[in-house]
Each structure stands twice: as structure tokens, then as C-alpha cells.
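J.: Sequence and predicted model, in that order:
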Amino acid sequence: MQTECRLYPASPMPPTELIERLKGLASSLVSDVFGRWAGAPGLLPVSGLAPGQVIAGPAFTVRTRPGDNLVVHKALDIARPGEILVIAAGGATDRAILGGLMGQYAQTKDLAGIIVDGAVRDRSDLDRVSPPVFAAGISHLGPYKSGPGELRCPISVAGLTVLDGDIIIGDEDGIAVLPRARGEELITAAEAKGEAEAAESAAILAGNWDRTWIDEGLKIVNVQASSSN
């Protein structure tokens with residue numbers, strides 16, 4: 001018996017140059033220049049991410065029933081090289097949405113990464129044969145394969161709205177999302193913030209880091225020590 005899988009049109013791929021610039025940044029920089037709310041708390045790297053590695057690419061969005069991965073298999077079949085699978089699985093961590101075999105298949109499709117608002121399993125296998133995986137948890141319990149689901153649709157992962165084609169950055173701090181229409185603007189701003197932070201780091205090493213802004217923002221109230229009888 002077949003179950004419905006709604007498939008929306010694919011979004012245009014972003015320029016390669018834009019993605020390469022993003023790989024030289026960090027999720028924290030993107031979050032800072034985008035109102036400090038562009039991240040999905042709790043979706044952290046669980047496998048395949050080398051120290052200091054940054055992944056970036058356009059989102060291929062997937063919405064599935066919690067604990068079910070039928071439409072995730074279909075997403076792997078049709079995903080384009082360089083895309084990042086972003087799977088809305090309701091945040092449920094009792095059953096794994098994918099494991100080593102699906103991670104290995106994602107690698108053969110040249111996906112840039114996998115993000116699961118849910119659980120995964122086979123962590124060692126994923127670490128060995130899969131693109132970097134971010135998830136909400138780990139569970140050895142396997143998924144159902146019944147559907148239904150939607151592909152390339154608007155989704156919410158860990159409270160963050162993601163549209164198909166939005167640009168994802170992921171590193172050891174987690175993930176951040178840039179709306180595709182604002183990619184150039186936000187990446188340019190993040191690059192400028194990265195340069196400013198590099199200047200601050202140099203100032204720390206030189207012993208002249210400007211700390212005057214702290215006292216400008218605080219009103220210090222000195223509290224007198226109480227006398228003891």
C-alpha cells in the first residue's frame with residue numbers, strides 16, 4: 001500500500017563561490033550578524049566532523065513522521081551533490097531516523113551534510129563513511145518505514161524555520177541558517193565580523209584590548225561589608 005509523499009519544486013543552487021566563502025567562517029559569526037537567532041539549539045555534531053571543519057550548502061528539506069524514514073530514503077535518491085539534508089522529525093529521540101548504511105549512501109551522493117531533528121544510530125559507522133551528521137540524539141532503536149512525508153517543503157527544526165534552498169553552515173558549535181535571498185548580505189557581514197574579532201585577538205596578545213565599554217555599560221554599586229558583633 002502506497003502512502004503520500006508531497007514533492008515541491010527544487011530551489012536553484014547557490015553560487016559555488018558563496019558556499020566556499022561560508023566555509024571560511026563559523027556558525028557563531030553568522031548567528032551574531034543575523035540577530036543571534038539563526039541557530040537550532042540542540043542539533044549538534046554527532047559524527048564525521050573533523051576538528052575545526054565547517055560545512056556549508058543549500059538545504060534539502062524533509063518533513064517526516066517522528067520515528068519514520070520512508071521519505072528520507074526518497075530524499076537521498078533525488079538530492080543533488082552539495083546539498084545538506086535537513087530532516088524535521090519532530091525532535092523525537094526514541095527511534096533513529098538513519099544510520100550507517102544511509103550515511104554511506106549519502107556520501108556516494110556527494111551530500112555536504114545531514115541534519116536530523118531527531119535521533120540517529122551507528123555513530124562509529126557514520127563517523128567512518130558518512131558526511132558530517134548533526135542530530136538531537138542517539139538511539140539504537142530502528143525507524144518505521146510507513147510515511148507519509150513531504151520533500152522540499154517549509155519545515156521547522158528545533159524551533160527554527162528552514163526553507164528549501166536556505167543556506168546552512170555547520171561546525172562544532174552547531175548549525176546556523178541563512179535565508180537564501182540574503183546569503184550575500186549576511187556572508188559579507190559575517191566576514192567583516194570575523195575580521196573585527198581577529199583584530200581583537202591581536203589586541204589581546206599585544207596587551208591592549210579595549211575594555212572601556214564594560215564600565216560604560218555598568219553602574220557599579222559598591223556594597224559595604226556588614227560589621228560582625
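T.: Happy to help now that I have it.
J.: CA-only coordinates of the worst-scoring helix or strand of the chain on mean pLDDT in PDB, if you can.
T.: Using mean pLDDT, DSSP states H and E, helix 212-217 stands out as the lowest-scoring helix or strand of the chain, at a mean of 93. Output in PDB follows, covering the C-alpha atoms of helix 212-217 (Å, rounded to 0.1, in the frame of the first residue of the first chain):
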ATOM      1  CA  THR A 212      36.200  50.600  28.400                       C
ATOM      2  CA  TRP A 213      32.900  49.500  27.000                       C
ATOM      3  CA  ILE A 214      32.200  47.400  30.100                       C
ATOM      4  CA  ASP A 215      32.300  50.200  32.600                       C
ATOM      5  CA  GLU A 216      30.300  52.400  30.100                       C
ATOM      6  CA  GLY A 217      27.500  49.800  30.300                       C
END
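J.: longest strand of the chain?
T.: Secondary structure of the chain per DSSP state E: the longest strand is strand 55-64.
J.: Parallel or antiparallel, list what pairs with that one.
T.: Applying DSSP bridges, strand 55-64 is found paired with strand 84-88 (parallel), strand 149-151 (antiparallel), strand 167-171 (antiparallel).
J.: of these, which approaches residue 161 most closely?
T.: strand 84-88 (10.1 Å; CB to CB). Just so you know, the C-beta spots here come from the backbone N, C-alpha and C atoms, and that holds for glycine as well.
J.: Which helix or strand lies directly C-terminal to the closest one?
T.: Per DSSP states H and E, the first helix or strand lying C-terminal to strand 84-88 is strand 96-98.
J.: and that next one, what does it pack onto?
T.: Packing contacts for strand 96-98, counted by 3 or more CB pairs under 8 Å, 6 or more residues apart in numbering; DSSP states H and E, involve strand 113-120.
J.: Would you map the helices across the protein?
T.: If you assign secondary structure with DSSP state H, the helices in the chain sit at 16-23, 27-33, 70-78, 100-108, 123-129, 183-206, 212-217.
J.: Run through who's touching the first one.
T.: Residues from elsewhere that reach helix 16-23, judged by CB atoms under 8 Å, 6 or more residues apart in numbering: 30, 54-58, 82, 167, 169, 178, 183-184, 187, 190-191.
J.: any idea which residue sits dead centre in this protein?
T.: Of all residues in the chain, the one closest to the mean position by CA atoms, centre = their mean is residue 175, 2.6 Å from it.
J.: Next, the buried residues of stretch 108-118.
T.: 109, 111, 112, 113, 114, 115, 116, 117, 118 (16 or more other CB atoms under 10 Å).
J.: Export these as TSV, with columns for pLDDT and distance to residue 131.
T.: As requested, these are exported to TSV (pLDDT from 0 to 100; distance: CB to CB, whole Å):
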residue	pLDDT	distance to residue 131
109	98	9
111	98	5
112	98	6
113	98	5
114	98	6
115	98	10
116	98	12
117	98	17
118	98	17
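J.: Format the residues you listed as a markdown table; extra columns: distance to residue 137.
T.: Shown next, in a markdown table, are the buried residues of stretch 108-118 (distance: CB to CB, whole Å):
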| residue | distance to residue 137 |
| --- | --- |
| 109 | 24 |
| 111 | 21 |
| 112 | 22 |
| 113 | 17 |
| 114 | 14 |
| 115 | 13 |
| 116 | 9 |
| 117 | 10 |
| 118 | 7 |
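J.: and which of the residues you listed is nearest to residue 88?
T.: residue 117 (5.3 Å).
J.: which ones are touching the closest one?
T.: 40, 43, 87, 88, 89, 90, 91, 135, 136, 157, 158.
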